[in-house]
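Asks: Okay, sequence plus prediction incoming.
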Amino acid sequence: MTPSALLPSPVALIVGASSGIGEALARRLAREGYRVAVLGRRAENLQAICASLNAETGRQCAFPYSHDVTHYDSVPPAFQTVLRDLGRLDVVVYASGVQPAVEVNEYNFEKDRAPIETNVLGALAWLDQAALYFERQGSGHIVGISSVAGERGRVGYPAYQASKAAFSSFLESLRNRLTRHGVHVLTVKPGMVETEMLRNIKRRMWVISPDQAAADIYRAIKSRKQVIFTPARWALVMLVIRNIPSFIFRRMAF
Amino acid sequence: MTHLLMSTFPSLQNLTSLSNFGRSISAPAYLYRPTSAGQIAELFRRAEQTGYTIGLRGAGRSYGDAALNSGQVVLDLRRFNRILEWNPQTGVIRVEPGVTIQQLWQITLEDGWWPPVVPGTQFPTLGGCLGMNIHGKNNYHMGPIGEHVLAFTALLPTGEEITCAPAQNADLFYSLISSAGTLGVFTSITLQLKRLYSGLLDVEAWTAPNLRAAFNDIEAHKDEDYIVGWVDSIAGGNALGRAELHRAAYLPAGADPDASRTLTPDYQTLPDTFLGLLPKSAMWRFMAPFFNNLGMGVVNFGKYLVARFQNHHHYRQSLIAFNFLFDYVPNWERAYGPRGLIQYQAFIPRATAPDAFTALLQLAQKRGLPNYLSVIKRHRPDNFLFTHAVEGYSMAMDYRVPRDVLALQRLANDLNCLVLDAGGRFYFAKDSTLTPEAATRFLGEETLARFRALKTRCDPHAILQTDLYRRLLRDSTTPSVTPPPVADVLFANRTPIQK
């Protein structure tokens, strides 16, 4: 049945949808009947994603917007443009993330600031906007793609891990602020997902496809979960890792 | 002027969530509350510059999506509400569109004048009443409110100000009234009120054992000033459509010895408490547990029994107690629960009405989605562009929105088919379920073509839009506003939002 005033099709805005988990989630949500606004840096990718989704679903369900999350001042007008074009918002996903390759003995501020700018400041710019909007609406779903990397400060990728720890903590605060306003906040902690980000990683473990991650995330949105690991077995691993005492952890090589 | 508009338009500070009166649809919008035509003209200009559309909203009493404009700008016109001129000798009043029915009668009643047409609640604004061309329980001989408008001025999105009357710009007079705020915004309204000699009405209440009998009784009393019927929509079988009817008549001069008292706002009040106990403001909370099929079955049965017991009961009732039944319980719509309600009102010609309304009630009962409150009224046609009235009857039905919204939408689709097959019509103040095809079927291609020609003339950039406009009235053959292939919001050509 076509959407009506009583049954409008839900709308998701996905920041960081030109590849990886963001793209897979955009595809998943579009197939589930959502209209999706896909935002990312690479316009040609976005256009291809939208063209294929519109063709596949046979309806105008995907809308591309080129956007760089580190242009923080452009976030509020970008948010308004999407809201104007799609008319409403039910889910806002922040999936942008970068993980520059750094060596274990490398201390490089220029490299280290990048994950903070994209993974943290970009997320704050977007999710503050989303939080304000959903609070006034009294409903909505915020989804943040964080990482298992934020659970503990290991020797590899200090800035990336710090950015994900900050993001996870920010999402938890949002959840505690917004639950009373009927807004759900989902923190997603993926392990290793077969995306461009994984190219820098040498040792791999339990690698899943972006589609598998998107399936887990969609299920978590529907069942209003608060925090999920994908795949789920990372929850157990992280339980162990979180509890390794420092006198052992600081001598470990990972 | 700049105090109203922030440096950016629309400002995120104005972003809010609006809902329909039935609380079944919600839509984000940037809400502005202008107080003058000049401010509205400025907002039209800003909208045109920034590619936004503007929806007009009065008191937000529409049951459907007529006063919503998802993701866009909405003007709440309630502060544009001055009384401009009142002549107690002639009963002619000129007001701004944000004036409510309540504000109006509280000014005029003491001089012995009353709006000739009022809806079932006194809270709508006159701008909203004209936009929808509302009717009352006397539609069959007083017509809709538009027939009592002597003239109005309006501002078009082009910036043009027009004056319309039945004999001046008649095409715009008969279309701005009834087009749900999609052609222009009223800036002043001149109304002819009705002379009254008492603040009381002579009322008689009686019952009819089924729907056909109810319609026969209404026909037998068609010379009354008002007729309205409540229908028990839960009873089935032979009792299907059993009703309690009310007829009311104005009192002639001299019939009310106490007229100077009954014609005052102090006399025209609704009770503060229910049965002298429950405060009215809390009433809806006590009603909520009954708003399910079982509870409403009991309530409808009880109401009919009481009506039977008091059959052919004659009494005198104040104007507002008779007319504004909906206002007895503030926030009554909340009793329908978190998903709200829809009101479904169908207008069906006299010949097909009894069978068609019977079929509507039966179908809803069969689906397990009976409506909880039904009201029948008598109507006659009028000359306005988007007229909803027919030579016949209407039934307004309140449906609770169930968990399975799709089931209700499917029921509504099937009801719509039954109504259209019976030659029926619908009302934009109520509708939330029609498809463009169904709307075209009852309005007719010719009417829609006339509307679109007027739209091009009054609002060439289609600045005035609402969710209802996009759902039913927009010409779907012209491309809708969709973003360009890849909208570049990286360096959006706008200044950053200033907090």
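Replies: Structure's in. What do you need?
Asks: Which single residue in the stretch 201-350 of chain B comes nearest to chain A?
Replies: For the stretch 201-350 of chain B, the residue positioned closest to chain A under Cβ to the nearest Cβ is B:Ile342, at a distance of 6.8 Å. All C-beta spots, glycine's among them, are computed from the backbone N, C-alpha and C.
Asks: Next, that residue: phi, psi?
Replies: With angles defined as degrees, to the nearest 10, B:Ile342 shows backbone torsions of phi -120, psi 150.
Asks: So what sits opposite it in the bridge?
Replies: B:Tyr399 (DSSP bridges).
Asks: quick one: contacts for it?
Replies: A:Leu6, B:Gly22, B:Ser24, B:Tyr63, B:Gly64, B:Asp398, B:Tyr399, B:Val401, B:Leu408, B:Ala412, B:Ser432, B:Thr433 (Cβ atoms under 8 Å, 6 or more residues apart in numbering or on different chains).
Asks: Out of the residues you listed, list just those in strands.
Replies: Mapping the contacts of B:Ile342 onto strands (DSSP state E) picks out B:Asp398, B:Tyr399.
Asks: Show me the contacts of B:Ile342 that map onto helices.
Replies: Those of these mapping onto helices are B:Leu408, B:Ala412, per DSSP state H.
Asks: Select from the contacts of B:Ile342 the one having the most neighbours.
Replies: Greatest neighbour count in the contacts of B:Ile342, by other Cβ atoms under 10 Å in any protein chain shown, goes to B:Gly64: 31 neighbours.
Asks: sorry, back to before: so what's the residue of the stretch 201-350 of chain B closest to chain A scoring on pLDDT?
Replies: Among the per-residue scores, B:Ile342 holds a pLDDT of 96.
Asks: before we move on, what about the one 4 residues further on?
Replies: We note a pLDDT of 98 for B:Ala346 in this prediction.
Asks: quick one: which helix or strand includes B:Ala438?
Replies: For B:Ala438, the host element (DSSP states H and E) is helix B:436-443.
Asks: quick one: that helix near chain A?
Replies: No. Against chain A, helix B:436-443 shows no contacts by Cβ under 8 Å from any Cβ of the partner chain, the least distance being 9.8 Å.
Asks: Could you look up the SS state of B:Phe347?
Replies: strand (DSSP: H, G, I helix; E, B strand; the rest coil).
Asks: Run a quick neighbour tally on it.
Replies: Residues near B:Phe347, counting by other Cβ under 10 Å: 28.
Asks: ok, now B:Pro271?
Replies: For B:Pro271, using other Cβ under 10 Å, the count is 10.
Asks: ok, back up a step: separation between the residue of the stretch 201-350 of chain B closest to chain A and B:Asp327?
Replies: To B:Asp327, B:Ile342 is 20 Å away according to Cβ to Cβ, to the nearest Å.
Asks: Spit out the contact partners of residue 201.
Replies: Chain wasn't specified; assuming chain A. Per Cβ under 8 Å, 6+ apart, neighbours of A:Ile201: A:Met192.
Asks: Actually, chain B is the one I wanted.
Replies: B:Asp225, B:Tyr226, B:Ala248, B:Ala249, B:Tyr250, B:Leu251, B:Arg316, B:Gln317, B:Ser318, B:Leu319, B:Phe322.
Asks: What about these, which are in helices?
Replies: Per DSSP H, the contacts of B:Leu201 map to helices at B:Leu319, B:Phe322.
Asks: Can I have the buried ones of the contacts of B:Leu201 as a ChimeraX selection?
Replies: Filtering these down to the buried ones (16 or more other Cβ atoms under 10 Å in any protein chain shown) takes a single ChimeraX command:
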select /B:226,248,250,251,316,317,318,319,322
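Asks: Could you provide the contacts of B:Leu201 in CSV, with additional columns for pLDDT and distance to chain A?
Replies: Shown next, in CSV, are the contacts of B:Leu201 (pLDDT from 0 to 100; distance: Cβ to the nearest Cβ, whole Å):
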residue, pLDDT, distance to chain A
B:Asp225, 97, 36
B:Tyr226, 97, 32
B:Ala248, 97, 35
B:Ala249, 97, 39
B:Tyr250, 97, 39
B:Leu251, 97, 43
B:Arg316, 96, 42
B:Gln317, 95, 36
B:Ser318, 96, 37
B:Leu319, 96, 34
B:Phe322, 95, 32
